[in-house]
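[1] Structure for the following, please:
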Amino acid sequence: KHVAEALMRGEKVPEDRRECATVFFSDIVGFTDLSSILQSHQVSDMLHRLFTAIDACAEKHAVHKLETIGDCYIAVTNLVEKQPNDHALRMARFCVAVMEVCGTTLVDPETPELGTVNVRCGFDSGPLVGNVVGTKHKKYTIFGNTVNTASRMESSCVPGRIQCTKRAADLIKRQKHAEAAMEGGEEG
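    Numbers count the residues shown, from 1 in each chain. As a prediction, the model looks like this:
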């Protein structure tokens, strides 16, 4: 909201710095091959149905959708909304939900034999900066090694799986332990 307000006033938007946020990337396995056998409107329909389902997951888990580029979905936690105590755990739960909706999203409802959409997901937790870049078609985006590493986690991931860095996994364990302690229950 502060970004839009600053832009409407014609001001330079101050960058958002986070010592630790979690960044997510996903893409469709075999997207190039699918694009070669589907008509453009079928590809568009598939992406619309898939991204609508992933958007619902993002809303449910309070994950901020940053953007989509082709078949790539990019999201972040603990940047737009302050979530210092559970951002990695929140992202892990979001990833599981994404995998579930992909398993029910048909590539093409008119050709069910093509099966469901298969994705790979990757994420990392660490420092980053969010800022508006450019002067024409201004765009809010994120920068930092955390972003690059999250992208590499996705691109090197086994199809149909989720991959995260050790530092994200360690943070998830700490956040899950803290959550269980606050609830006074068992870790699950």
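[2] got a list of what residue 27 touches?
    Applying C-beta atoms under 8 Å, 6 or more residues apart in numbering to residue 27 gives the contacts 70, 71, 72, 73, 119, 120, 154, 155. C-betas here are computed from N, CA, C, even on glycine.
[3] 10 Å instead, please
    By C-beta atoms under 10 Å, 6 or more residues apart in numbering, the residues touching residue 27 are 69-74, 119-122, 151, 154-155, 157.
[4] swap in residue 51?
    By C-beta under 10 Å, 6+ apart, the neighbours of residue 51 are 58, 65, 68, 71, 73, 105.
[5] likewise residue 172?
    So residue 172 contacts 22, 86, 87, 88, 89, 90, 91, 92, 93, 123, 125, 164 (C-beta under 10 Å, 6+ apart).
[6] Tell me the predicted confidence for it.
    Note for residue 172: predicted pLDDT of 98.
[7] center of the protein, which residue is that?
    With distances taken as C-alpha atoms, centre = their mean, residue 75 lies nearest the centre of the chain, 3.1 Å away.
[8] before we move on, back to that, now intersect the contacts of residue 172 with the helices, please.
    Taking DSSP state H, the ones among the contacts of residue 172 that sit in helices are 87, 88, 89, 90, 91, 92, 93.
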